[in-house]
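[1] With the input below, show me the fold.
(chains A and B)
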Amino acid sequence: MTASVSTELALLVDVGSAWAKAGVVGRARGRWRIVAHASQPTSWGATELRRQLVEQLEASGDPRLAGRYEGLLSTANRIECHTARQVGRLAVIAVSRELSGGAARRAAEAAGWEVADVVTLDDGRSLAERLALLQSIEVDAWLLAGSFDDASSPRALEAAGLVAAARPVDGGAVVWAGSARLADQVAALFEPGAVAAVGNARPTPHREEGGELREHLQGLLRDTVAQEDQAHLSAATLPRAVSAIAAAGTLRVLAVDLGARGAIRALAEPDGTVASRLHSSGGLAGIARVAGAAGRVARQAPDAGDEAAVADLMQTIRARPETLPQTVEDVAGLQAAARILLAAMFDDDPVGPVDLLIGAGRSIAGAPKPAQAARMLLDGVRPIGVTQLAVDSASILGPLGSLPDGELTEGIELLGDDVLTALGTSVVTRGGSPGQLAMRVTVHRAGWPTPVPDDVRVGQVQVVPLARGQEAELVIELGPGVGLGASRRSPRITARAMGGSVGLILDARGAPIPLPRRADDRRVVLAGWRDAFEREGEAGR
Amino acid sequence: MSVIHRVRLPVGASTLVENGHRVEPAEVLATRRAVEGGVTVQVAARLRRGPAEAAGLLEARPGAFLAAGDRLAADGRGREVLAPMACVFLGYDADDGTALVAPLGGEQPILGHVRGEIESVTRDAIEIRVAGALVAGVGGSGNAVHGGLLMGVRDPAEELRAGAIDVGATGRIVVGGSRASAETLTRARAMGVAGIVLGGALEKELSDFQATQARRREMGGVAGDFAVVVVEGYGKVGMDAQLFEWFRAHAGHMASLFGDAARLYVYDADPPPARRVLPRPGNRVVAYRRPYAGVAGELQRVLDGPYATPGGVAARSGIVRFDDGRTAVVPLANLSALERRDA
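    Predicted coordinates for the structure are as follows:
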């Protein structure tokens, strides 16, 4: 007689705007592990996704359960998150393009809104053109700004009047981010409850204070795009999972999720508090809308082809986000685009040193080589200091974040190392003179002979093998004028480094990374960096 | 076959049609009165009050549409300020006691640009049922245009050349193949071609053309509408042969092309060849990414397990024998099955 064997499985699903990812968690050798993982275009549907998972489980799961996986998966606990189906679009109407309009636009973009248009009273359009434009755009919200704090400019009220004339009743939220003196008058132009007044984004001609506006707009965006189920929305679940990781390890953790349509950044403090930002159109498809993107990608990735070829690639990524880059050129172009989009997420609001940087989304976490993922994270985010790097390769952070608090913490504990794939540790410096010593790093590994220090010059990047599971103590001596992002009292800094599939990355390219002006020089420098990452990264695997 | 086309209405638009009306592309569905410049109206002085005090006597709210003679402000003792003409009241200046109003100009038409039957009329939009087929593109540019379909090339992989545009193409929507240069587009526009449908286009050539047109428009040198729609992809991408044949079969049919929205309605047409994600072995397929973008073939076999592309991306893939003779392993995500018309 054969004993009946059973098991418990959980299905974690992340349904993105273009790709759906799923992982199966089950008990293997006495502990919970990710036992199967699959990803596919979202349009292929749930049945196909489950079929792929069943195929994997039949091939590599417990043979005693063969033939029963389909049934087990259909009854498995399903933990799911998904991308918001809607993009938040907003129109900015202000008095001055440079002052109130610029401040409002920056705050809106930083909050993750797609700015449909900016209309200002000095934009060179006629009154009729302004009104016609505002009447023709379809937006979820209207952002009004103008007049300094010590004034009550009638021009600001004129801008508000334009919106009142163009916006249908109940035609989206109106945010007033101008002089507080005018708030009541602006509110009176619209139906009750339509206008929210926040702090002036440009209170004086010489001061910009977009913080309060940005925060308000972030909340408004969440409300706008997440009228569905907040608890299962990636923009909410990913930050929750990051918060749990930060609290569990007492770490400062930054996660960036670059999707097909949108992008999310979540910064969690060691006490678990988390600040997140959704970039509605900050995903890869958005690269086609970034001014001069093709030229920038072509400059940063000579392997991607000339500017015309890159322009075609950008449009293809926009038009067919569910497709995959096949050629070496397309992969190079896509990854350069990812680096540009990541950098744009931190343009106005750098996060400072973090202990752990997590990359999520198919383009980063599913990069063909771990070294490519590490390079996208380092080039895009430029985490100054000593930082562990990891990717959410199984795409389970989002689904885990949809669990209730207790279960989330338990889930992260139970899965342990399976939650993230460690890439290694980076040491990123800034400052110093080109060609001069940036850092001398001695890597002490337990049981290894006394090491020879590695010298890294300003503008260089080196990768030192440090395998997954290995730890090392670093002694870092910085060159003149070189910093690690925090003030130092000693000429020697010690830090711990965790290994990973790439290793220890010593990156002295500065922040932002300067590139040679001459195309030939730039090509040589970029090829050198690429080779440093990929050659050494391969060796370290 | 029929499809729905939606026409958005701006605030203040007056609709002229009702459910069930049959409309033509050039028919006016609604009108709106656009504003013309700004006019200052004395308020405080006419009410014989100080500017700040007069602010409290306003009866219209900024943003309001006013008819000529509508009351803008009144002091309750017989003095009042009336709208001098039909206008939008935009704001009141409490420093000098004046109101800024934008006079409403003549009525401007809102066209549907399609032929069909009104399905619904709401405050925000008019929906029209179009008897015909919709071809959705991946990109495009330009306004709404309409005209008869005209084949501009003989082969779906052929480039639409400037020489193919002659006087016979005037007022037509020309169907090209793999691409068209900026020179061809410029000539087409100059010859009065209404629009162009392409399998593929080089993004740089399209944007160069758009930039040229924008400059000419600023100088007042461009008249008439012109639109381009791309149906397969960017780069030198040919049109799928089945879709090309479908266009050929409907040459001469009237069509409405919306460039910016990348939509083409072809009237009295059969459904265009359908596509399906997740192709199966034996399906005819078309590829979407370089180096096979736009090339059709047959999916011979789906490989067990993921397979890495030359770029290193591992994905479920299949072996495709392309019509041009090449055989390659292609990620299934980069393929669509071409449904047979008789299927």
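[2] Please make it C-alpha for all contacts and neighbour counts, starting now.
    OK.
[3] can you give me the strands for the stretch 151-300 of chain B?
    Using DSSP state E, counting those that start in this stretch, the strands found in the stretch 151-300 of chain B span residues B:173-175, B:195-201, B:227-234, B:254-258, B:263-267, B:275-276, B:284-287, B:296-308.
[4] backbone phi and psi for whichever residue of the stretch 1-150 of chain B sits closest to chain A, please?
    Residue of the stretch 1-150 of chain B nearest chain A, by C-alpha to the nearest C-alpha: B:Gly63 (3.9 Å). Phi and psi for B:Gly63, reported as degrees, to the nearest 10, are phi 100, psi -10.
[5] Name the nearest residue to it, sequence neighbours excluded.
    Excluding the flanking residues, the one nearest B:Gly63 by C-alpha to C-alpha, 6 or more residues apart in numbering or on different chains is A:Ala165, at 3.9 Å.
[6] got the CA positions of the helix ranked longest in chain A in CSV?
    Looking across chain A with DSSP state H, the single longest helix is helix A:519-539. Written as CSV, here are the backbone C-alpha positions of helix A:519-539 (Å, rounded to 0.1, in the frame of the first residue of the first chain):
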residue,chain,number,x,y,z
ALA,A,519,32.1,59.9,-30.0
ASP,A,520,35.2,57.7,-30.4
ASP,A,521,36.4,58.3,-26.8
ARG,A,522,32.9,57.8,-25.5
ARG,A,523,32.6,54.4,-27.3
VAL,A,524,35.9,53.3,-25.8
VAL,A,525,35.0,54.3,-22.3
LEU,A,526,31.5,52.7,-22.5
ALA,A,527,32.9,49.5,-23.9
GLY,A,528,35.4,49.4,-21.1
TRP,A,529,32.7,49.8,-18.5
ARG,A,530,30.5,47.2,-20.2
ASP,A,531,33.4,44.7,-20.3
ALA,A,532,34.3,45.4,-16.7
PHE,A,533,30.8,44.5,-15.6
GLU,A,534,30.2,41.6,-17.8
ARG,A,535,33.6,39.9,-17.8
GLU,A,536,34.2,40.1,-14.1
GLY,A,537,30.5,39.5,-13.4
GLU,A,538,30.7,36.2,-15.4
ALA,A,539,33.8,35.2,-13.5
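[7] when you scan it, is anything in it near chain B?
    No. Using C-alpha under 8 Å from any C-alpha of the partner chain, helix A:519-539 never reaches chain B; the gap is at least 12.7 Å.
[8] Correct me if wrong: B:Arg316 contacts B:Leu332.
    Yes. Between B:Arg316 and B:Leu332 there is a contact at 6.0 Å, judged by C-alpha atoms under 8 Å.
[9] which of the two has more neighbours?
    B:Leu332 (27 against 20; other C-alpha atoms under 10 Å in any protein chain shown).
[10] got a list of what the more buried one touches?
    By C-alpha atoms under 8 Å, 6 or more residues apart in numbering or on different chains, the contact set of B:Leu332 is B:Leu278, B:Pro279, B:Ala315, B:Arg316, B:Ser317, B:Gly318.
[11] Close to chain A: what parts of the stretch 51-200 of chain B are there?
    B:61-65, B:88-94, B:100, B:102, B:138-139.
[12] Which ones among those residues lie within strands?
    B:Phe65, B:Val88, B:Phe89, B:Leu90, B:Gly91, B:Tyr92, B:Asp93, B:Leu100, B:Ala102, B:Gly139 (DSSP state E).
[13] Of those residues, which is the nearest to B:Ala157?
    Of all those, B:Ala157 sits closest to B:Gly139, with 18.5 Å by C-alpha to C-alpha.
[14] which stretches of the stretch 151-300 of chain B aren't confidently modelled?
    By pLDDT under 70, the weakly predicted segments of the stretch 151-300 of chain B are B:220-224.
[15] okay, and for the stretch 301-450 of chain A, where does confidence drop off?
    Of all residues in the stretch 301-450 of chain A, none has pLDDT under 70.
[16] Find the nearest non-adjacent residue to the residue of it found nearest chain B, please.
    Nearest residue of the stretch 301-450 of chain A to chain B (C-alpha to the nearest C-alpha) works out as A:Val328 at 4.0 Å. Leaving aside its chain neighbours, A:Val328 sits nearest to B:Gly311 (4.0 Å; criterion: C-alpha to C-alpha, 6+ apart).
[17] do the same with B:Leu58
    The shortest distance from B:Leu58 to any non-neighbouring residue, by C-alpha to C-alpha, 6+ apart, is to B:Ala73 (4.2 Å).
[18] other SSEs contacting the helix or strand where that neighbour lies?
    Per DSSP states H and E, B:Ala73 falls inside strand B:71-74. Counting contacts by 3 or more C-alpha pairs under 8 Å, 6 or more residues apart in numbering or on different chains; DSSP states H and E, strand B:71-74 packs against strand B:80-82.
[19] List the contacts of the strand it packs on.
    Residues outside strand B:80-82 that contact it (C-alpha under 8 Å, 6+ apart) are B:Val43, B:Arg46, B:Leu47, B:Ala68, B:Gly69, B:Asp70, B:Arg71, B:Leu72, B:Ala73, B:Ala74.
[20] Turn the buried ones among those into a named PyMOL selection, would you?
    Buried subset of the contacts of strand B:80-82, written as a PyMOL selection, criterion 16 or more other C-alpha atoms under 10 Å in any protein chain shown:
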select buried, chain B and resi 43+46+47+70+71+72+73+74
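[21] which of the contacts of strand B:80-82 sit farthest apart?
    Checking the contacts of strand B:80-82 with C-alpha to C-alpha, the most distant pair is B:Leu47 and B:Ala68, at 18.7 Å.
[22] State the distance from A:Pro370 to A:Thr316.
    25 Å (C-alpha to C-alpha, to the nearest Å).
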